[in-house]
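need coordinates for the below:
(3 chains)
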Amino acid sequence: MTQVNDILDWNPVTIMALLVFCLPLLSFIIISISKEKHQVLMSWLASLTMLMASLLSIAVLLQAWSEVYHTKFTWFQWAEYIFTMGLLIDLPAALMLVTVNFIAFLVHLFSIEYMKGDEGYKRYFAFLGLFTASMIGIVLADNLLVIFVFWELVGLSSYLLIGHWFSKEKAAKAATKAFIVNRIGDIGFVIGLSIIWLQFNTFDLVELYSLMGNIQVADGMWISASGSSLSLIWLTVAGIALFFGAIGKSAQFPLQIWLPDAMEGPTPVSALIHAATMVAAGVYLVARIFVLLNIDALTFIAFTGAITAMMGAVAALTQNDIKKVLAFSTISQLGYMLMGMGVGAYDAALFHLFTHAFFKAGLFLAAGSIIHSLHLSNQANDFDAQDMRNMGGLRKSVPVTFIAYVLCGLALMGMPIFSGFLSKDAILLDTLTWANAHQSMFFYLIPILGFGSVLITAVYVSRQILLVFFGEFKGQEVKSIKENSLLIKGVLLILSIMAIGVCWSINPFYSEMSWLMSHIEIPSSAFDIGMLSASFAPSHLMVSLISTSLLLTGVVFAYLKYRPEGQYFRNYSLETLKPQNFWQSLSYENWYLDQFYQTVFINPFHKITSFAKAIDTHIIDRMVNLFGMGSVIFSYIVAWFDRAFVDGTVNAVVFLTGRVGTATRSIHGSKAQSYILAAVIGLIIIIFLIF
Amino acid sequence: MTENLSFKLHSIIGDLSYLLPEFILVAIILLILLADLIFKNQPKLVRLIAIVGLLFELYFSTRQYLHIDKSMSVFAGMVTLNSLTAFWKMIFSVGALLTILMSQAKASRWKTGEYHMMIITIVLGANLLAMSSNLLMVYISLEIISITSYLLTTFSFDKKGAEAGIKYFLFGAVASAIMIYGMSLLYAVTLTLDFTGQQFTDALLQANPLPVIVGSVMLVAGFVYKMAAAPLHVWSPDAYTAAPTPVVAFFSVVPKLAGLAILIKVILVINLFGLGPINWPTIIAIIAMITILVGNFSALWQNNVKRLLAYSSIAHAGFLLAGFAAFSQPALQNVLFYAVVYLIMNIATFMIVNHFENSKGLIKVEDYSGIAVDHPYLTVLITILFISLTGIPPTGGFTAKLLIFTSIWESYSQTDNQWLLYLLVFGLLNTVISLFFYLKIPFYMIFRTPNKELGSGKIKFGMENYFAGILVLAILLIFFKPEWLMGLINNINFAF
Amino acid sequence: MQIEFYFLISSFLFAIGLAIVVTRKNAILVLMGIELMLNAANINFVAISQSAPDVGAGQFFALFVIVVAAAEAAVGLAIVLRVYDYFKTIDLDNINELKG
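Residues are numbered from 1 along each chain as shown, chains lettered A, B, ... in the order given. Here you go, the predicted model:
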């Protein structure tokens, strides 16, 4: 415990970062207290704040390029333990800071147009500010406990924003679902925190990094430098438990069910929270605690990620809601990143996080732009503007959106020249290396799932582009659909430029040349992950060729199946299209996970609660009833003796009926007395328990 | 004999100064009686007397807390005074003060004098109960609280109030009869009433286990009833539904915590350092689990807000007991911490509920639909309070629950008592379950459309809402600076 | 007389009192049952005080119980009167409007 709780002073960089954190918070407070009539002005002000925050965070990034800045101060003291909090700015944190702020800025701009005239306009922008601030909190915090606090705050603001249109039953339900599912993940987070505390007595990340460097593993025990030892299994449990928090937030298997429902929120929110930033917080968390994870935990992460990547991609194949396709694709891409983390491709996974943040935000905002256009042209609001069965042929009416969508979509597929190619190939390369290092064929499952997902991704992205933009418009007769205003177009253009590979790497075919990835260092861990890459390094070219050919196969297949002249396209309408076979239903219903949880967890829980309620309200009555029945029988016998010998049977029957009535009534009705009886019985039970 | 008597009298007179806070309470009671007789219908005067008097009492209790560093046996061994009891006394007076501040709106309609008098009588009873070290004293101070509580329950002066009153009365009378029967059994075994003395402990250690078990369980039943913990909790939902809201707030805090104080004190003695026939940590753990279960699961189905809070307070009694089940000094500190946090958050919640009930007549959960539109400030407050009652950061409720669970875990790792592990897991699970009913009200407030019939429009913003705001700040502050409150508690000398 | 007999009597009295409390429906009779329970404890206290070192304690306890019980009964009867005003009965069966 020596030197554990040094106080580190503020320096210009951390102060700047603190300012970045305070700006959106300020925006939240100002908007909350401002008057309704100033709301448009306020939203512009909020965007301006975000612009300032983005510029500041770029400045922070330039400073943090090659150096780590850390500031911490005492939070509170508990017995001999000192809890600190502070800011830790390393390269990933600074990059994340820029990404969050920049996308938040673009989403703010986009929302000004998109949310125009909405009832909750003011509330919406206030919560956006709250969300951004808490997200920045996660990014900057140097302490797992503080991260947990912001983690919860992020969950809360996500809940509030999903439920923005709370008068819609579905939106309110989706918000609750997201909240509850995330809490399930949080249980894991809390368990992980407790184990970490038990072993190290600190939550500070930098402390943990150095403490983990000094641990020893001997005889299946996990011994920290201070001498505290636990069974080695707890280290794995801690890693997996913390990762469980990430499973909840990043919508990984088996908790991915909340994300598709979360699409009930406004589309810019989906872009910011449920595509680019919040859901990536899980990946970011894994990156922050990377050194705490041992090989077992990492393998677990890799498999979870790979399975989710595959499941998400398959589920995206048959969705009809334009946003749900993107939601499932997000789940799949997050699975990719975690798979990367799990195989030790720390740098590649983070790289994919950043590229994904931009092109996925672009896709969501483009979808938002389409939805907005359809809404505007259809004031009566008599069809679902998110359903792809009401679209088709939109490339002529919304050309800018079309271009943005295609560019970002190609990046999502991983087409060479585009940003997705660089990061995705880096991950795939490392999965192959990793699988090679293991002796068992079993581990090849991960690269196979990874390459398989590439194929499926290409299919569903092409399907969506074909169904939305090509062919003829399928919705009801509407006035002409028009492209949105300059504001929306501008935002889309910026994001689609970011989808092009040159922005990320000088040579858009070779991820090792990326200015970004080459700078991220894999943190040195007590567990030698580096040894894995030693034995065999698959050629980069080979990986690129495989993935590109898979991709092209997917595109060609999708074109053949979904082309505007094809049968699928012609039949694709609200009336006819239902999942036709088992496989389609499996995909459409997201592997029946919701139904599974409903039958396995929710229904029994309802039964248990109603059972408990029944016990609480009825057990007293039951007990009293039994007691009453006993005394009825008793009085029956007494009466029988009484009357059988004195009077005739006729009298006895008359008396009996009266007696029975009074006996049951005197015991049964009165609550006050049954309370007392129940309490006394309880006491007697306790006395017998002790014996 | 005469010398002995005069010696006793002298020692009693000499000890009078140690009971200064209690004398002040008696003086307030008499003053209020007089004031009510002489100046009729002067609610403001009565309130003034009550508040000023309680502040004085608080001041002197605080002095006792600061200056008494060892346990002192006062009044011929009837009561013991130490910094722990002084701290309990401070909690009780703060609770009473806040209750009186909250009852402003309704006070004019009631018999103000009697109302305030009874509140202060209960504080007197609670103070004496926390200090008692003699079974007779325990009985008398418990009855002071009980008899006054029966009357306060009927203070809404309607049919429901009368019904709740008689139920509460009958239940309470039986409970106290059971308790003194238990006392008589313990007296039979030990031949002394002074339960802090050496003779009591020695006799218990040598006695036949059967009368000790029956007697202790019956005795403890009396305290469990006062705490409204299972299995003697059944009276509380009815009494809480029918009684006036400020009275409910008061009931859910002061008598409950007084019951806890004496329960801790007595059980630490009859536990006999773990050598007795009863494994009290296990019994307390089981009682705590049942209490938490009954409280939470019954609350899940309540529509009436006051009834919901009644069950919630039952569950909190369970958590307080759970902390005590760890049986260690840090655990007792954590129970005190929880008690303070519970006092603040519970009274603040009732303040707001009372405000809504008085000004808009909101009783059921559905009535709260869409309140957020008209009352954003109160909605924020109540949301924070419910978050705190659930035990989620960033509120004091979280810190308190965390500490309780920590002490249970530590005790488990030291003693290997399986029940403590079950208790821990069970408590954690229940925290999740409680989320569902606590968040129901904020959910209705924020996400449901307003009820047309009740009519919207702003309502008067009462003084008590400022107090509620201050209490909410305190709850948040306790999360961020728990060491301030912990510092107060650390000063307490836990020598029994 | 052996002290066990006192214990026997008191426990019978206690049990009878409890039975009355649980079964009789008239509120006044229930109050009487409670009195029986209290007096059962009183018998114990007085009986034991004979063998205790401090003879006064047990007897004083019994006196206090009687006094407090009187106060309790007074309050109880007042509440019963209230109930009678509203319900026009003191039959506990019929005083049952609050829902569990």
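
pull out the buried residues from the helix or strand where residue C:65 lies.
Under the criterion of DSSP states H and E, residue C:65 resides in helix C:55-87. By 16 or more other Cβ atoms under 10 Å in any protein chain shown, the buried positions in helix C:55-87 come out as C:57-59, C:61-62, C:64-65, C:68-69, C:72-73, C:75-76, C:79-80, C:82-83, C:86-87. Glycine gets a C-beta too; all of them are placed from N, C-alpha and C.

do stretch A:61-74 as well
A:61, A:63-64, A:69-72.

check stretch B:486-496 too.
B:486, B:489, B:492, B:494.

ok, stretch A:675-687 next?
A:675-680, A:682-683, A:686-687.

closest to chain C among these?
residue A:677 (5.0 Å; Cβ to the nearest Cβ).

okay, and the closest one sits in which element?
Using DSSP H and E, residue A:677 sits in helix A:671-690.

helices and strands around that helix, which ones?
Secondary-structure packing of helix A:671-690 (3 or more Cβ pairs under 8 Å, 6 or more residues apart in numbering or on different chains; DSSP states H and E): helix A:603-646, helix B:159-190, helix B:209-227, helix B:280-299, helix C:3-23.

buried deepest among those helices, which one?
Ranked by mean neighbour count, the helices and strands packed on helix A:671-690 are led by helix B:159-190 with a mean of 26 (mean count of other Cβ atoms under 10 Å in any protein chain shown).

quick check, it touching chain A?
Yes - legend: contact between helix B:159-190 and chain A by Cβ under 8 Å from any Cβ of the partner chain is shown at B:166-167, B:170-171, B:174-175, B:178.

could you list every helix and strand in contact with the helix or strand just after that helix?
Where DSSP H and E defines the elements, the next helix or strand beyond helix B:159-190 is helix B:198-206. Of the remaining helices and strands, those touching helix B:198-206 by 3+ Cβ pairs under 8 Å, 6+ apart are helix B:159-190, helix B:254-270.

and residue A:232, which of these is closest to it?
helix B:254-270 (40.2 Å; Cβ to Cβ).

any residue of the closest one touching chain C?
No - Helix B:254-270 stays clear of chain C (Cβ under 8 Å from any Cβ), getting no nearer than 15.8 Å.

that helix vs helix B:198-206, what angle?
Put simply, helix B:254-270 runs at 70 degrees to helix B:198-206, going by axes from the mean of the first three to the mean of the last three Cα atoms, to 10 degrees.

can you show me the CA trace of helix B:254-270 as PDB?
The C-alpha coordinates for helix B:254-270 follow below in PDB (Å, rounded to 0.1, in the frame of the first residue of the first chain):
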ATOM      1  CA  VAL B 254     -38.600   7.700  15.800                       C
ATOM      2  CA  PRO B 255     -40.400   4.700  17.500                       C
ATOM      3  CA  LYS B 256     -38.800   2.400  14.900                       C
ATOM      4  CA  LEU B 257     -35.300   3.500  15.600                       C
ATOM      5  CA  ALA B 258     -36.000   3.600  19.400                       C
ATOM      6  CA  GLY B 259     -37.000  -0.100  19.100                       C
ATOM      7  CA  LEU B 260     -33.800  -0.800  17.200                       C
ATOM      8  CA  ALA B 261     -31.700   1.000  19.800                       C
ATOM      9  CA  ILE B 262     -33.100  -1.100  22.700                       C
ATOM     10  CA  LEU B 263     -33.100  -4.300  20.600                       C
ATOM     11  CA  ILE B 264     -29.400  -3.800  19.900                       C
ATOM     12  CA  LYS B 265     -28.700  -3.100  23.500                       C
ATOM     13  CA  VAL B 266     -30.600  -6.100  24.900                       C
ATOM     14  CA  ILE B 267     -29.500  -8.600  22.300                       C
ATOM     15  CA  LEU B 268     -25.800  -7.700  22.800                       C
ATOM     16  CA  VAL B 269     -26.400  -8.700  26.400                       C
ATOM     17  CA  ILE B 270     -28.400 -11.800  26.000                       C
END
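
tell me which residues in it are buried?
So for helix B:254-270, counting by 16+ other Cβ under 10 Å, buried means B:254-270.

quick one, which of the buried residues of stretch B:486-496 has the minimum pLDDT?
The lowest pLDDT within the buried residues of stretch B:486-496 belongs to residue B:494, with 70.
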